[in-house]
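Chemist: A structural model of the following input is requested.
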Amino acid sequence: MNSAASPFSESSPAPAAQVVILAAGKGTRMRSRLPKVLQPLAGRPLLGHVLDTAHALHDARCVVVVGHGAQQVREAFAQETQLRFCEQSPQLGTGHAVQQACPQLDDSGVVLVLYGDVPLVRAQTLQPLLDAAHAGALAVLTVRLAQPAGYGRIVRDAQGHVSRIVEHKDATPAELGIDEVNSGIIAAPAAALKRWVGQLRNDNAQGEYYLTDVVALARAEGLAVHGVPADDADELLGVNDRLQLAHLERVVQRRHAERLLRDGVTLLDPQRIDVRGELRCGHDVRIDVGCVFEGRVELADGVQVGPHCVLRDCSIGADSRIEAFSHIDGARCEAGARIGPYARLRPGTQLARDVHVGNFTEVKNSSLGEASKANHLSYVGDASVGARVNIGAGTITCNYDGAAKHRTVIEDDAFIGSDTQLVAPVRVGRGATLGAGTTLTRDAPAGELTVSRARQVSVAGWQRPRKQPSNPT
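Modeler: Model (predicted):
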């Protein structure tokens, strides 16, 4: 975003922008039951990215024009209580779509028109359009392409203003040489835009109302039309099929990687990271290859994440180490945790300082106190584990009786032997020891050894059964 001053001073703030987002298309080439604008990009629907951009504009109010899959789109964004919808049926072009939104637009202020399948445009790119519209002009976002074939060309007059937009099929050889093309994104004074879209005609081969025709209508009124070039052509990439969606995914992930690197995060391979939400990192964070971050993830100073881990909606404390192929979902870990490899922390897990959760161990809806360890092949579910507890290999908290979940409590300094089953609800007292192979069905008293085993017997002369040879016939 440049530093040019807005034509409106701080003492006289510009009226709020109104944003119309066109999201009525079916997306036939996606070959999906999901409307195109709900296809996921970096873990969020395409339309969600556009709404994020709109919300980043000062006091913007949004109207989404829906059509195909209208109810699905409404339901997907039902939590956006300030969002307004209108329906376009049938779909008769971009100008017709804006016409449907006009009854919900105030004549004051300006209107910005965005597209639900163009998700990468940034607020700082759009601000110059809004500034021009606040000054009374029609503004068109343009971009220069090395390969402009198929796009409408921007034709400028001697003053540098846009005189017209020529579609590729209608362009002369000289006009085909123009590399500045129309993005479709415009901003204009609200009253003027409502007037222009009301005058649009559909006397063309497609029988549709084109929003680009407002340029000629503005020029006919003697109004300046500003072409505002975008610096980054990737911002104006749209999505029509899976191939384009996959390309945009890599653009988004490259942006995430570049931001992380600039913030001081070490990425072993910037091309092999996927951020599908919000990832916040402290100093000296190191992330190995193939990791996926979903929802909101926070990594404190000095965290190291091994290869091929999946972290979702979690926070990891300072100097913790997550080994390869670990999955962490909805967990909170304090400083110094050691997790994995091949560990799984499920929602409701809370690890205090210096807790170890090792290979092939799963923890769910449980808390482990400071310096406790569950290092091998164990399941800890619906449990409250104190400090300095050792949970041996093969331990299971039997928390489900087929109808309800029950809780296990293990107090400080307890030692749980290997291959132990704790049948909840049950409590292990402070400093208690459970012998290996114990099935605990009653509380274990503090400071004592509790053992539950069948008596060992050796049977002399016993013969293992043998298979009888088959009878050849």
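Chemist: tell me which strands and helices the helix or strand of the chain with the lowest mean pLDDT is in contact with?
Modeler: Lowest mean confidence among the helices and strands of the chain (mean pLDDT, DSSP states H and E): strand 162-166, at a mean of 90. Secondary-structure packing of strand 162-166 (3 or more Cβ pairs under 8 Å, 6 or more residues apart in numbering; DSSP states H and E): strand 153-156, helix 214-220, strand 225-229. All C-beta atoms are positioned from the backbone trio N, CA, C, and that covers glycine.
Chemist: what does the last one rub up against?
Modeler: Strand 225-229 is contacted by residues 128-129, 132, 137-144, 154, 156, 160-163, 180, 215, 218-219 when judged by Cβ atoms under 8 Å, 6 or more residues apart in numbering.
Chemist: re the thing from before, right, and the helices and strands packed on strand 162-166 - which one's nearest residue 121?
Modeler: strand 225-229 (11.8 Å; Cβ to Cβ).
Chemist: so what strands line up beside the one helix or strand residue 357 maps to?
Modeler: Using DSSP states H and E, residue 357 falls within strand 356-359. Using DSSP bridges, the strands paired with strand 356-359 are strand 338-339 (parallel), strand 373-376 (parallel).
Chemist: any idea of the mean pLDDT for that strand?
Modeler: For strand 356-359, mean pLDDT is 98.
Chemist: circling back to that earlier point, ok, then the element right after the least confident helix or strand of the chain?
Modeler: Next element after strand 162-166 (DSSP H and E): helix 173-176.
Chemist: Please export the C-alpha coordinates of the strand holding residue 357 as PDB.
Modeler: Taking C-alpha atoms only, strand 356-359 is exported to PDB below (Å, rounded to 0.1, in the frame of the first residue of the first chain):
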ATOM      1  CA  HIS A 356       6.900 -36.800  28.200                       C
ATOM      2  CA  VAL A 357       4.400 -38.500  25.900                       C
ATOM      3  CA  GLY A 358       6.200 -41.000  23.800                       C
ATOM      4  CA  ASN A 359       5.800 -43.300  20.800                       C
END
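Chemist: So what touches that strand?
Modeler: Against strand 356-359 from outside (Cβ under 8 Å, 6+ apart): 323, 337-343, 345, 351, 363, 368, 372-377.
Chemist: which of these count as buried?
Modeler: For the contacts of strand 356-359, a neighbour count by 16 or more other Cβ atoms under 10 Å gives the buried set as 323, 337-343, 345, 351, 363, 368, 372-375, 377.
Chemist: Could you check how far the closest residue to residue 219 other than its chain neighbours is from residue 114?
Modeler: Using Cβ to Cβ, 6 or more residues apart in numbering and skipping residues adjacent in sequence, the residue nearest residue 219 is residue 225, 6.2 Å away. The gap separating residue 225 from residue 114 is 18 Å, by Cβ to Cβ, to the nearest Å.
Chemist: And for residue 59?
Modeler: Taken as Cβ to Cβ, the span from residue 59 to residue 114 is 16 Å.
Chemist: With residue 292 instead?
Modeler: 29 Å.
Chemist: So if I had to pick from the two, which one is more boxed in?
Modeler: residue 114 (26 against 17; other Cβ atoms under 10 Å).
Chemist: Test of understanding: give the bridge partners of the more buried one.
Modeler: Residue 114 has the following beta-bridge partners by DSSP bridges: residue 21.
Chemist: Please name the residues that touch it.
Modeler: 19, 20, 21, 22, 50, 53, 54, 121, 126, 185.
Chemist: Can you convert the residues you listed into CSV and add a column each for distance to residue 280 and pLDDT?
Modeler: Formatted as CSV, the contacts of residue 114 follow (distance: Cβ to Cβ, whole Å; pLDDT from 0 to 100):
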residue, distance to residue 280, pLDDT
19, 27, 97
20, 33, 97
21, 28, 97
22, 33, 97
50, 23, 97
53, 20, 95
54, 23, 94
121, 24, 96
126, 25, 96
185, 30, 96
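Chemist: Adding neighbour count, write those out as a markdown table.
Modeler: Formatted as a markdown table, these follow (neighbours: other Cβ atoms under 10 Å):
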| residue | neighbour count |
| --- | --- |
| 19 | 25 |
| 20 | 28 |
| 21 | 27 |
| 22 | 26 |
| 50 | 25 |
| 53 | 24 |
| 54 | 23 |
| 121 | 23 |
| 126 | 27 |
| 185 | 24 |
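Chemist: Restricted to helices, list those.
Modeler: The helices, defined by DSSP state H, take in 50, 53, 54, 126 from those.
Chemist: which residues are in contact with the longest helix anywhere in the chain?
Modeler: The longest helix of the chain (DSSP H) is helix 242-262. Residues from elsewhere that reach helix 242-262 (Cβ under 8 Å, 6+ apart): 30-31, 39, 41-42, 119-120, 234, 237-239, 267, 270-271, 273-275, 279, 281, 287.
Chemist: among those, which ones are buried?
Modeler: For the contacts of helix 242-262, a neighbour count by 16+ other Cβ under 10 Å gives the buried set as 30, 39, 41-42, 119-120, 237-239, 267, 270, 273-275, 279, 281, 287.
Chemist: For the closest residue to residue 448 other than its chain neighbours, give me its contacts.
Modeler: Spatial nearest neighbour of residue 448, excluding adjacent residues (Cβ to Cβ, 6+ apart): residue 432 at 5.9 Å. With contacts defined as Cβ under 8 Å, 6+ apart, the neighbours of residue 432 are 411, 414, 415, 444, 445, 446, 447, 448, 449, 450.
Chemist: By neighbours, which of these wins?
Modeler: Within the contacts of residue 432, neighbour counts (other Cβ under 10 Å) peak at residue 414, which reaches 26 neighbours.
Chemist: ok, back up a step: just the buried ones from the contacts of strand 225-229?
Modeler: Buried among the contacts of strand 225-229 (16+ other Cβ under 10 Å): 128-129, 132, 137-143, 154, 162-163, 180, 215, 218-219.
Chemist: and the residue nearest to residue 362 when sequence neighbours are not counted, bridged to which residues?
Modeler: Using Cβ to Cβ, 6+ apart and skipping the chain neighbours, the partner closest in space to residue 362 is residue 344 (4.5 Å). Note on residue 344: beta-bridge partners residue 327, residue 362, judged by DSSP bridges.
Chemist: you'd agree residue 344 is up against residue 326?
Modeler: Yes: counting by Cβ atoms under 8 Å, residue 326 is a contact partner of residue 344 at 7.1 Å.
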